[in-house]
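In: Sharing a sequence plus its predicted fold:
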Amino acid sequence: MTVHASPAEIETDQLLGMLERMYLIRRFETEAERQYKQAKIGGYCHLSSGQEATCVGTMDAMTDDDLLVTGYRSHGFALARHVPATEVMAELFGRVDGCARGRGGSMHLLDPDLGYYGGWGIVGGQLPVATGLALALVRQERPAAVLCELGDGAVNMGAWHESLNLASLWDLPIVYLVVNNIYGMGTSVERASAEPELFRRAHAHRMVGERIDGDDIEEVHAATSELLQTARDRHRPAVLEALTYRYRGHSVADAGLSYRDRDEIKEHQERDPIKRVRSVLSERGVEDEQLDAADERAQEQVAEAVEFADASPEPPLDQLAYGMYAKGSDKQFARMRPGSPFGERELVFDAGLGD
Ligand SMILES: Cc1ncc(C[n+]2csc(CCOP(=O)(O)OP(=O)(O)O)c2C)c(N)n1
């Protein structure tokens with residue numbers, strides 16, 4: 001594990017803001033599970049309780065010009081990147097005011113205005129997209145980098161090796177953030193990976209690979225800042241493996257106890273990332289009332305998000321094809337036009353989320 005010798009201390013005010021967003025993610029996820037059980041949320045729903053330090057620590061190391069691409073366990077990253085909680089909850093509800101206009105749901109959050117190019121539901125599906133975005137940044141001579149998040153289960157996909165190879169060969173400004181929460185569904189990293197120290201995979205492609213404590217927000221922030229800066233300045237890619245843990249099951253449909261026991265969960269909860277930030281702030285003299293107020297504001301935001309999502313209408317049926325296909329992709333989908341044996345629906349190529 002790399003310990004950054006003297007990570008620049010995060011200012012107390014900034015750290016308080018980070019604590020509030022960690023609370024927001026924790027409270028949001030608890031509420032999302034409740035809403036799912038009331039059938040307000042359909043489809044899939046993967047929660048990231050326990051992983052808040054990785055979400056917030058990495059997002060605060062990004063500039064507004066950097067681009068973010070994630071896998072499907074993405075509520076935490078979206079909230080940490082400042083996608084409004086109202087729009088994230090509305091998206092989970094499949095409503096028109098959701099950040100993907102209700103078309104994506106939990107696994108497909110996005111907000112291009114905030115440089116967030118999507119949660120991707122296919123394991124490893126985000127890797128070629130993120131690598132391509134990094135190439136675009138170079139071609140357009142933009143001084144920015146891509147942060148591409150993936151799980152420990154995605155590092156055995158072909159797309160991972162192909163992306164790392166091209167990123168190193170072509171000097172692309174990208175940091176691959178491997179969120180190692182030990183499990184890919186019910187399979188532990190030890191059972192799935194011949195090299196379970198996942199950051200070492202980077203070395204085969206002659207790029208930097210580092211492993212950090214993903215529950216220590218200061219370490220996450222310092223390591224991500226440094227690697228993103230190198231990516232921006234010198235166009236060198238890197239792999240950052242953040243060790244963390246998810247408290248809930250793989251999805252809300254999984255109790256998460258058939259492949260691990262309660263003691264293991266409890267052991268991780270004792271090192272809870274939120275408690276750790278609270279104790280850093282307490283040591284710096286911040287009063288308990290101020291820390292509790294951050295939690296209360298987060299809870300208010302979540303209540304407001306549910307109210308907003310409930311009030312938002314469902315997307316109109318006659319516009320279901322809107323926002324699905326970019327301008328210029330009509331040739332690719334020509335065989336799906338009405339009357340073709342492959343599809344009956346009329347496709348719309350120039351309306352919706354943009355080019
Ligand atoms: C190509 C592909 N294969 C299988 C699946 C089914 N699947 C969904 S999530 C998942 C596990 C991924 O685990 P990991 O990458 O560690 O992410 P985590 O759940 O830990 O966030 C699998 C196998 C999928 N979505 N895509």
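Out: Alright, I've got the coordinates. As the structure is a prediction and not an experimental result, all values here were calculated from the model.
In: which residues in this protein form helices?
Out: Remark: helices of the chain, listed N- to C-terminal, are 12-37, 52-59, 75-80, 85-92, 126-139, 158-169, 189-192, 217-234, 262-269, 273-283, 288-311; assignment by DSSP state H.
In: Export only the CA atoms of the third one, formatted as CSV.
Out: Below are the C-alpha coordinates for helix 75-80, written out as CSV (Å, rounded to 0.1, in the frame of the first residue of the first chain):
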residue,chain,number,x,y,z
HIS,A,75,-25.2,7.0,-6.9
GLY,A,76,-22.3,7.9,-4.7
PHE,A,77,-20.1,9.2,-7.5
ALA,A,78,-23.0,11.2,-9.0
LEU,A,79,-23.8,12.9,-5.7
ALA,A,80,-20.2,13.5,-4.9
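In: Spell out which residues of the protein are next to the ligand.
Out: 71, 73, 121-123, 151-154, 181, 183-185, 250 (C-beta under 6 Å from any ligand atom). (Glycine included, C-beta is placed from N, CA and C.)
In: Compare the helices of the chain and give me the one nearest A326.
Out: The closest approach between A326 and any of the helices of the chain, judged by C-beta to C-beta, belongs to helix 126-139 at 13.0 Å.
In: What are the buried residues along that closest one?
Out: Across helix 126-139, burial judged by 16 or more other C-beta atoms under 10 Å covers Q126, L127, P128, V129, A130, T131, G132, L133, A134, L135, L137.
In: Mind exporting the C-alpha coordinates of it to CSV?
Out: This file holds the C-alpha atoms of helix 126-139, laid out as CSV (Å, rounded to 0.1, in the frame of the first residue of the first chain):
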residue,chain,number,x,y,z
GLN,A,126,-17.2,2.0,-19.5
LEU,A,127,-13.5,1.2,-20.2
PRO,A,128,-13.4,1.8,-24.0
VAL,A,129,-15.6,4.8,-23.7
ALA,A,130,-13.4,6.4,-21.0
THR,A,131,-10.2,5.6,-22.9
GLY,A,132,-11.7,7.1,-26.1
LEU,A,133,-12.6,10.3,-24.1
ALA,A,134,-9.0,10.5,-23.0
LEU,A,135,-7.9,10.3,-26.6
ALA,A,136,-10.4,13.0,-27.5
LEU,A,137,-9.0,15.3,-24.8
VAL,A,138,-5.5,14.9,-26.3
ARG,A,139,-6.7,15.5,-29.9
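In: what's the closest non-adjacent residue to A204?
Out: L164 (8.0 Å; C-beta to C-beta, 6 or more residues apart in numbering).
In: Surely that neighbour and F199 touch.
Out: No: with contact defined as C-beta atoms under 8 Å, L164 does not reach F199; the gap is 11.7 Å.
In: Any chance you could list residues touching both of these two?
Out: Residues within reach of L164 and of F199 at once, by C-beta atoms under 8 Å, 6 or more residues apart in numbering, are V239.
In: Show me what residue of the chain gets nearest to the ligand.
Out: Of all residues in the chain, the one sitting closest to the ligand is G151 (2.2 Å; C-beta to the nearest ligand atom).
In: burial measure for that residue, as a count.
Out: By the measure other C-beta atoms under 10 Å, the count of residues near G151 is 22.
In: ok, now A39?
Out: Here the number of neighbours of A39 (other C-beta under 10 Å) works out to 7.
In: Run the chain-centre distance for stretch 313-324.
Out: Between the centre of stretch 313-324 and the centre of its host chain there is 25 Å, according to C-alpha atoms, centre = their mean, to the nearest Å.
In: Quick one: end-to-end distance for it.
Out: The first and final residues of stretch 313-324 sit 19 Å from each other (C-alpha to C-alpha, to the nearest Å).
In: can you tell me the average pLDDT over it?
Out: Per-residue confidence for stretch 313-324 averages out to 78 on the pLDDT scale.
In: next one: stretch 244-252
Out: Stretch 244-252 shows a mean pLDDT of 96.
In: for stretch 226-233, same thing?
Out: Stretch 226-233 shows an average pLDDT of 98 in the prediction.
In: now stretch 287-302
Out: Mean pLDDT, stretch 287-302: 98.
In: Touching it from outside, list them.
Out: Around stretch 287-302, the neighbours that count as contacts under C-beta under 8 Å, 6+ apart are 16, 19-21, 23-24, 26-28, 31, 85, 89, 278, 281-282.
In: what's the nearest residue to E241 if we skip its chain neighbours?
Out: Spatially, and ignoring its direct neighbours in sequence, E241 is nearest to F199 (4.0 Å; C-beta to C-beta, 6+ apart).
In: just checking, the one you found touches A238?
Out: No: using C-beta under 8 Å, F199 is not in contact with A238, being 9.3 Å away.
In: Which neighbours do these two have in common?
Out: Residues touching both F199 and A238 by C-beta under 8 Å, 6+ apart: G209, E210.
In: picking that back up, give the full set of residues in contact with the residue nearest to A204.
Out: For L164, the contacting residues are Y176, R201, A202, A204, H205, M207, P237, V239, taking C-beta under 8 Å, 6+ apart as the criterion.
In: In this structure the first one contacts E241, no?
Out: No: with contact defined as C-beta under 8 Å, Y176 does not reach E241; the gap is 9.1 Å.
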